[in-house]
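Peer 1: Give me a model of this one.
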Amino acid sequence: MQEFKTEQHKELHKELHREFYLTCEKYYIFELLTVAAGMMGLYTYNLRGEVFSNAQTGNIVKMAAAFGRGEFWRGVYYVIPFTAYILGTIISEILPEKVRRAHFIRWDTMLVGIEIAVLLLIGFMPFTWPDQIAQVAINFLCAMQFNTFRQAEGVPMATTFLTNHVRQVGISMARIIKHHEQEQEAREKMMKHVKIILAFFLGGAIVTALSSYLQERTIWLAIIPLSACFCVMLQSDLVYERAMLDIKPRGH
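Peer 2: Residues are numbered from 1 along each chain as shown. This is a model prediction of the structure:
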């Protein structure tokens, strides 16, 4: 291990050897996306038929329970968000290469713009419309977001559900207990996952608290963090990272 005479030398060495990350890979982008995902998840659960839009484990659990009770048609209902999630994943695997060839903006940026537009439209949909329309649309968006944004500054992360983040917090705690020499690194990694968990919680809590006041338009709250992401990413695509549009984000 390299030794440094002073703490300033150590910090300078870290700065000179700091790895470059695209804007779409920055940690704060993932935080904002996770806030939006928490809002989308609680919106569909609270206001659009008690369906989980972020991940499909909960929906499959509900489907299995319904089939086990003999409630066949209730169980089949959960096939809708499940199918939408699969389709969203397929589309997000096919489109990025076509968008990259256009050399205009990144697929990641385009996706956030699409999310903003779709959520804007959903906010105009009255509750008299079938819940499945909003469910399918938001499941579709969450699947694409999950499959598109994979690593935050080199660390594998999901922006739409939290199971792995909780797991990583546990792993980091174990490292702190077992390997004292790795304590600082483990704490830093743990805090990244903790902040993602809190971001999701914050988004969900805000939507739940305001849903009785905003009703259908509650989903527009998710547009706020998404718009912040979109503006920063679009500026990077058109200005700062214009010559890097061919570079794939890590994890792809």
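Peer 1: Look at Pro225 and say how many residues are nearby.
Peer 2: Neighbour count for Pro225, taken as other Cβ atoms under 10 Å: 23. For glycine as for every other residue, the C-beta is placed from the backbone atoms N, C-alpha and C.
Peer 1: residue contacts, it?
Peer 2: Counting by Cβ atoms under 8 Å, 6 or more residues apart in numbering, Pro225 touches Leu32, Leu33, Val35, Ala36, Met39, Gly203.
Peer 1: In CSV, list those along with neighbour count, secondary structure and distance to Glu241.
Peer 2: Converted to CSV, the contacts of Pro225 look like this (neighbours: other Cβ atoms under 10 Å; DSSP: H, G, I helix; E, B strand; the rest coil; distance: Cβ to Cβ, whole Å):
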residue, neighbour count, secondary structure, distance to Glu241
Leu32, 23, helix, 18
Leu33, 32, helix, 18
Val35, 28, helix, 24
Ala36, 32, helix, 22
Met39, 28, helix, 28
Gly203, 26, helix, 27
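Peer 1: closest to Gln151 among these?
Peer 2: Leu33 (12.7 Å; Cβ to Cβ).
Peer 1: For that closest one, give me its contacts.
Peer 2: So Leu33 contacts Val112, Gln145, Phe149, Thr159, Pro225, Leu226, Cys229 (Cβ under 8 Å, 6+ apart).
Peer 1: What separation is there between it and Leu245?
Peer 2: For Leu33, the distance to Leu245 equals 20 Å [Cβ to Cβ, to the nearest Å].
Peer 1: repeat for Asn46
Peer 2: Between Asn46 and Leu245 the distance is 39 Å, computed by Cβ to Cβ.
Peer 1: cool, Val207 as well?
Peer 2: Distance of Val207 to Leu245, given as Cβ to Cβ: 34 Å.
Peer 1: So between these two, which is more surrounded?
Peer 2: Val207 (25 against 19).
Peer 1: Now that we're looking at the more buried one, what pLDDT does it have?
Peer 2: pLDDT, Val207: 97.
Peer 1: you'd agree it is in a strand?
Peer 2: No - counting by DSSP: H, G, I helix; E, B strand; the rest coil, Val207 is not found in a strand; it is helix.
Peer 1: before we move on, the earlier item: which two among the contacts of Leu33 are spaced furthest apart?
Peer 2: Pairwise over the contacts of Leu33, using Cβ to Cβ, the maximum falls at Phe149 and Pro225, 13.0 Å.
Peer 1: where does the stretch 1-150 of the chain dip in pLDDT?
Peer 2: 1-18 (pLDDT under 70).
Peer 1: Restricting to C-alpha, output stretch 158-168 in PDB.
Peer 2: The C-alpha coordinates for stretch 158-168 follow below in PDB (Å, rounded to 0.1, in the frame of the first residue of the first chain):
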ATOM      1  CA  ALA A 158     -31.400   0.100  -8.200                       C
ATOM      2  CA  THR A 159     -33.500   3.200  -8.300                       C
ATOM      3  CA  THR A 160     -36.900   1.600  -8.100                       C
ATOM      4  CA  PHE A 161     -36.800  -0.900  -5.200                       C
ATOM      5  CA  LEU A 162     -34.800  -1.400  -2.000                       C
ATOM      6  CA  THR A 163     -34.200  -5.000  -1.300                       C
ATOM      7  CA  ASN A 164     -30.500  -5.000  -2.400                       C
ATOM      8  CA  HIS A 165     -29.800  -1.700  -0.700                       C
ATOM      9  CA  VAL A 166     -31.000  -3.200   2.600                       C
ATOM     10  CA  ARG A 167     -28.800  -6.200   1.900                       C
ATOM     11  CA  GLN A 168     -25.800  -4.000   1.200                       C
END
